[in-house]
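>>> curious how this folds, go ahead:
(chains A, B, C and D)
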2 protein chains.
Amino acid sequence: MEKEITIYDIAKQLNISPATVSRALNDHPAINNTTKSLIASTAREMGYRINPFASSLRKKRTNTLGVIVPRLNSYFMSTVLAGMEKEANEASYNLIISQSMESFKKEITNARTMFDSRVDGLLVSLAFDTEDLEHFEPFLKRNIPLLFFDRVMSHNQSTSIIIDNVRAGYEVTNHLISQGSQRIMHVTGSLKRNVYADRLKGYQQALSEAGIAYDDSLVKVTDLGMDTGQWVVQQIQEMPLPPDGLFVANDFCAVSCMSALKRAGYSVPQDVAVAGFNNDPLSQVVEPNLTTIHYPGYEMGEIAVKSLISHLNGVSASHATNTIILRSELIVRESSLRLSSK
Amino acid sequence: MEKEITIYDIAKQLNISPATVSRALNDHPAINNTTKSLIASTAREMGYRINPFASSLRKKRTNTLGVIVPRLNSYFMSTVLAGMEKEANEASYNLIISQSMESFKKEITNARTMFDSRVDGLLVSLAFDTEDLEHFEPFLKRNIPLLFFDRVMSHNQSTSIIIDNVRAGYEVTNHLISQGSQRIMHVTGSLKRNVYADRLKGYQQALSEAGIAYDDSLVKVTDLGMDTGQWVVQQIQEMPLPPDGLFVANDFCAVSCMSALKRAGYSVPQDVAVAGFNNDPLSQVVEPNLTTIHYPGYEMGEIAVKSLISHLNGVSASHATNTIILRSELIVRESSLRLSSK
DNA sequence: AGTTTTTATGCAATCGATTGCAGTTATCGA
DNA sequence: TCGATAACTGCAATCGATTGCATAAAAACT
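Now for the predicted structure:
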């Protein structure tokens, strides 16, 4: 096993002081350019790699960002993370990622772990049943910046990055109405979460604008899981007047609903027009293709990390931006097309 | 902003030496139990948290494991990671996760980053087009244990954790044959990867056992992406004798094929029986439900981390186990059921 | 030539936890 | 009662990089 090279080894080799080596490697202005390149090449030759622990210990900075997400297994999340990773790498930050599995409790544990790991900043998308933000207090007390994305909760000391869910919900609903749906069911997740609460608001707005009375029994709060489709269709079958439109808060669940509907003898979109949310690739491989909302995940990840890092570098006046809203877009596909156009 | 508490602060508070505090917090046997609990409670009260950098610097151990995976956005991967995370947490290790996006080049970069971060061990599932293992040499030279899972490449200095893909491929194919399929197409990914090469072997074995001649033109190497279904069906339509069975190397792509097939007027399973791989929840929400192979992801993650850590602790004789094979299981669903039973 | 700037480099302390070795006190056996 | 062993605890060096301050050498100026 090879010995680890330190700046002392380089210094000895070149007969200079470790301080100079350190400065040179950090591109300090007070070091002569000739010296710098000499040191750089020697370091390369000797196979030097910085010891991040020594550095972190001294600088009191870890160059590590923590990320807590509900789950990794969605196209959306992995895309967000890809965006984050890219930005983090470029700024030579590391990412520690953990899943809360949609559980408040696990989210608290994760936060604690991140805190103990001394991340420089934290990026969070909240679990289904998170009630409050107390578990993030330690970060705020220590002035560690906190940024929420997608599933956010307003908090005046931290930035949020979201899309306009009200508007997106409005657009979907409006589209369904424009396709002739009058009784639109909305299947969603925990209304504690902004994403679902806001989409519901948009849904209500669209209905009201179209002069359709809001019917509470058409809104189903679920876990958006695998069995939700089954359950929803069961509900529908028990209704005297079944819906002719279905707006589901994510694509996976929308597919599960479509499938259950078909199995129960309904045709999509003729009997029921269906729309999902997120533009998961899944939406293009099911039959019929699913109408959905395109959500800029990669960008969201990039922006989240960028803004967190610039905050760390003291670039942005701490409270300058509080909420960043990205553009989303309705994508109409077969699952909701009942009129004309085709 | 609060001051960070160190063992020196605790020591001063209790009028003892920092050495004792350190030992007490690490549950060193030479410290009196009374002293230990006194120190523990004082630490808690004062809000002490260990400084991992000072500790790592001194101990030359980071308590961090690196994970490189092709992509996060599959149910399988996120499940594996959940298993890894659980085990890592329990052993108080941190995980640094990165995606290679199926690219050899990015995998090399990721490996470099992990190396520079001085992970204590590395867990890898290879990208589609990874040609060799040279980029992991630095780890081996420094005696950093390396463990491959799922997408592995044999290497005598590292452990691999896999399922028996030959057998799984055999079982799927055999099942399709038992359902009356005679011309079975196999849609798979890069044959550089064991998982795909082995499944193909199993496929061939089953055919040969059933006395069906192997037809090269029925094996399609693809990227298993979103458009693969479309492309496959196009190929099928150009064939004089279309297949009556389809074995696709993952569920997502299988769904994409099913959907394209249906769109082209074929019925599943009557015209073509379809089977996927991985038992993604997706397979249960599509119509018809997809026959697939159940893959123990969570377990794989747990075992991977467990064995890596025990290796780090010098528990296992370094070369004792070289390959761990987990059990997989065929799950028959509607997409392939053409006979009797129903 | 003498003095002031500028430019480069070095000295030495520091970050916080760990650990080999030594020292102190308590316990024990004879 | 006295030396011996055991049971604790402390001293001080160490891990490797960083940085305020001082210093030396070179350049610029009068």
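>>> only C-alpha atoms from now on, for both contacts and neighbour counts.
Will do.
>>> apart from its neighbours in sequence, what residue is nearest the residue of the stretch 101-250 of chain A found nearest DNA strand C?
Nearest residue of the stretch 101-250 of chain A to DNA strand C: A:D116, at 11.0 Å (CA to the nearest atom of the strand). In space, and not counting its chain neighbours, A:D116 is closest to B:R49: 6.6 Å by CA to CA, 6 or more residues apart in numbering or on different chains.
>>> for the one you found, what are its contacts?
The neighbours of B:R49, taking CA atoms under 8 Å, 6 or more residues apart in numbering or on different chains as the test, are A:D116, B:I5, B:T6.
>>> can you list the weak-confidence ranges in the stretch 201-342 of chain A?
Within the stretch 201-342 of chain A, the ranges that satisfy pLDDT under 70 run A:315-321, A:340-342.
>>> in it, what residue lies closest to DNA strand D?
A:N313 (13.2 Å).
>>> still on that earlier bit, among the contacts of B:R49, who's most crowded?
When neighbours are counted by other CA atoms under 10 Å in any protein chain shown, B:T6 leads the contacts of B:R49 with 18 neighbours.
>>> what's the domain layout of chain A?
A:7-50, A:62-164+A:297-326, A:165-295+A:330-336 (automatic domain parsing).
>>> please identify the deepest-packed of those domains.
domain A:165-295+A:330-336 (a mean of 21; mean count of other CA atoms under 10 Å in any protein chain shown).
>>> how long is that one end to end?
End-to-end distance for domain A:165-295+A:330-336, by CA to CA, to the nearest Å: 20 Å.
>>> and the helix or strand hosting A:T109, what does it pack onto?
Per DSSP states H and E: A:T109 is located in helix A:104-116. Contacts defined by 3 or more CA pairs under 8 Å, 6 or more residues apart in numbering or on different chains; DSSP states H and E place helix A:104-116 against strand A:64-69, strand A:94-99.
>>> residues in contact with that helix?
A:66, A:68, A:96, A:98-100, A:122, A:126-131, A:135-136, A:138-139, B:49-50.
>>> report the inter-axis angle for it versus strand A:64-69.
180 degrees (axes from the mean of the first three to the mean of the last three CA atoms, to 10 degrees).
>>> leaving out chain neighbours, which residue sits closest to A:S208?
Nearest residue to A:S208, sequence neighbours excluded (CA to CA, 6+ apart): A:Y214, at 7.2 Å.
>>> show me where the stretch 1-150 of chain A has its helices.
Here the stretch 1-150 of chain A has its helices, by DSSP state H, counting those that start in this stretch, at A:7-14, A:18-25, A:33-46, A:52-59, A:75-90, A:104-116, A:137-141.
>>> to A:V233, which of those lies closest?
In terms of CA to CA, the element of the helices of the stretch 1-150 of chain A nearest to A:V233 is helix A:75-90, at 25.6 Å.
>>> contact partners of that closest one?
Helix A:75-90 is touched from outside by A:69, A:71-72, A:94-95, A:278, A:280-281, A:295, A:297-306, B:71-74, B:98-99, with contacts defined as CA under 8 Å, 6+ apart.
>>> next one: A:G229 from B:G229, what distance?
When A:G229 is compared with B:G229 (using CA to CA), they lie 24 Å apart.
>>> to clarify, my last question referred to A:D280.
A:D280 is 16 Å from B:G229, by CA to CA.
>>> cool, A:F128 as well?
Relative to B:G229, and taking CA to CA, A:F128 is found at 34 Å.
>>> can you show me the strands along chain A?
A:64-69, A:94-99, A:121-124, A:146-149, A:159-163, A:184-188, A:219-221, A:245-248, A:273-275, A:292-294, A:323-326, A:329-331 (DSSP state E).
>>> A:I7 contacts A:T20, doesn't it?
No - between A:I7 and A:T20 no contact is recorded; they are 9.2 Å apart, counting by CA atoms under 8 Å.
>>> still on that earlier bit, list the contacts of the residue nearest to A:S208.
Applying CA under 8 Å, 6+ apart to A:Y214 gives the contacts A:Q204, A:L207, A:S208.
>>> turn these into TSV, including distance to DNA strand D.
TSV is the format used below for these (distance: CA to the nearest atom of the strand, whole Å):
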residue	distance to DNA strand D
A:Q204	54
A:L207	58
A:S208	59
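>>> from those, which ones fall inside helices?
A:Q204, A:L207, A:S208 (DSSP state H).
>>> ok so, going back, closest to B:S154 among the contacts of A:Y214?
A:Q204 (57.7 Å).
>>> any idea how far the closest residue to that closest one other than its chain neighbours is from A:D271?
Setting aside the residues directly before and after it, A:Q204 is nearest to A:Y214 in space (CA to CA, 6+ apart), at 6.7 Å. Noted for A:Y214: a distance of 20 Å to A:D271, by CA to CA.
>>> check A:N110 too.
Noted for A:N110: a distance of 45 Å to A:D271, by CA to CA.
>>> in the stretch 151-300 of chain A, what residue spans correspond to helices?
Using DSSP H, counting those that start in this stretch, the helices of the stretch 151-300 of chain A run over A:165-178, A:194-209, A:228-237, A:251-263, A:282-285, A:297-312.
>>> now distance to DNA strand C too, for those helices, in TSV please.
Putting those into TSV (distance: least, CA to the nearest atom of the strand, whole Å) gives the following:
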stretch	distance to DNA strand C
helix A:165-178	43
helix A:194-209	39
helix A:228-237	48
helix A:251-263	46
helix A:282-285	48
helix A:297-312	19
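>>> to B:L337, which of the ones you listed lies closest?
With CA to CA as the criterion, B:L337 lies closest to helix A:251-263 of these, at 16.2 Å.
>>> which strands and helices lie in contact with that closest one?
helix A:228-237, strand A:273-275, helix A:282-285, helix B:282-285.
>>> could I get those as a markdown table with distance to B:V248?
Formatted as a markdown table, those follow (distance: least, CA to CA, whole Å):
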| stretch | distance to B:V248 |
| --- | --- |
| helix A:228-237 | 25 |
| strand A:273-275 | 28 |
| helix A:282-285 | 14 |
| helix B:282-285 | 12 |
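>>> spell out which parts of the stretch 1-150 of chain A neighbour chain B.
Taking CA under 8 Å from any CA of the partner chain as the test, the list of the stretch 1-150 of chain A residues beside chain B reads A:1-2, A:49-50, A:52-54, A:56-57, A:71-79, A:82, A:85, A:94-99, A:116-117, A:141-143.
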